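Engineer: need coordinates for the below:
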Amino acid sequence: MSIVVIPARFASTRLPGKPLKHINGVPMILRVAEKCLKSKADRVIVATDSTEILDVCGHMDGLESSMSSADIQSGTDRVAAVSKFSDDDIIINVQGDEPFIDPALIDLLIEDLEKNPDVMMNTAMVKFSEDEDPADINSVKVITDSKGNALYFSRAPIPHDRDGIGNVEYYRHIGIYGFRSEWLQKFSSLEPSRLEQIEKLEQLRALENGVRIKVIETDYKPVSVDTEEDLIKAEEILNRMV
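Structural biologist: Numbers count the residues shown, from 1 in each chain. Here you go, the predicted structure:
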């Protein structure tokens, strides 16, 4: 069974109550869930620490929701806390601030895990465009080996262009993860790792514990909502799509 879980924490440093912020009259968490329900996943669950979010999610057909502790800081740890999944379940962690997430990308991660039993965890990346700045610490960079496995994720520009050649290709990490249930539970039981805490990137916990992360390249450009300005931009994008 394939299950999408959307972690939705009410508290946010830059945008308090973010999941319930409206984008053209609809709470953002429902915008995300609506996209996820269009994927091939068998179930879609919102994992939250808020009774308000729980109540809002109860109004969407086909959407499940689950309460978890407000003390959980990592999105993936919140996903793991939803319930006891079967060992052969495929779990897709979709961020609750991605109102335009592409259902086809969710399907790609599910299909990759279905076809490759040796892959425990996967994610996605997209090439930086010319107008994007790899030095932006809010855009996480990823480098991979020749087989498409992640070598490292960083907020710094990687690889470093030491000689100033200028034709280096940078790839932006997209914050969506696929897990085999057994590895998700193991991941959640591990202590936050050294590099994870330095970079504030939870996926480094897997790499530091010797687990490969398959990275799938896509053309999808993520639009995350972290500020009021992002919220306005999201509404403008939605208006252009109508």
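Engineer: where in this structure is pLDDT low?
Structural biologist: Where the chain drops to pLDDT under 70, the residues are 83-84, 242.
Engineer: max-length strand in the chain?
Structural biologist: Secondary structure of the chain per DSSP state E: the longest strand is strand 171-180.
Engineer: which residues touch residue 61?
Structural biologist: If a contact means Cβ atoms under 8 Å, 6 or more residues apart in numbering, then residue 61 has no contacts. Where you see a C-beta, it was placed from the backbone N, CA and C, and this is true even at glycine.
Engineer: please apply the same query to residue 117.
Structural biologist: Contacts of residue 117 (Cβ under 8 Å, 6+ apart): none.
Engineer: wait, doesn't residue 151 sit right on residue 125?
Structural biologist: No: using Cβ atoms under 8 Å, residue 151 is not in contact with residue 125, being 12.0 Å away.
Engineer: and stretch 149-156, what's buried?
Structural biologist: Within stretch 149-156, the residues scored as buried using 16 or more other Cβ atoms under 10 Å are 150, 152-155.
Engineer: which one of those residues is nearest residue 16?
Structural biologist: residue 155 (23.4 Å; Cβ to Cβ).
Engineer: so which residues of this structure form helices?
Structural biologist: Here the chain has its helices, by DSSP state H, at 28-36, 51-57, 75-80, 103-115, 181-189, 194-199, 204-208, 228-241.
Engineer: for residue 14, find the nearest of those helices.
Structural biologist: Here helix 228-241 is closest among the helices of the chain (Cβ to Cβ), at 8.7 Å.
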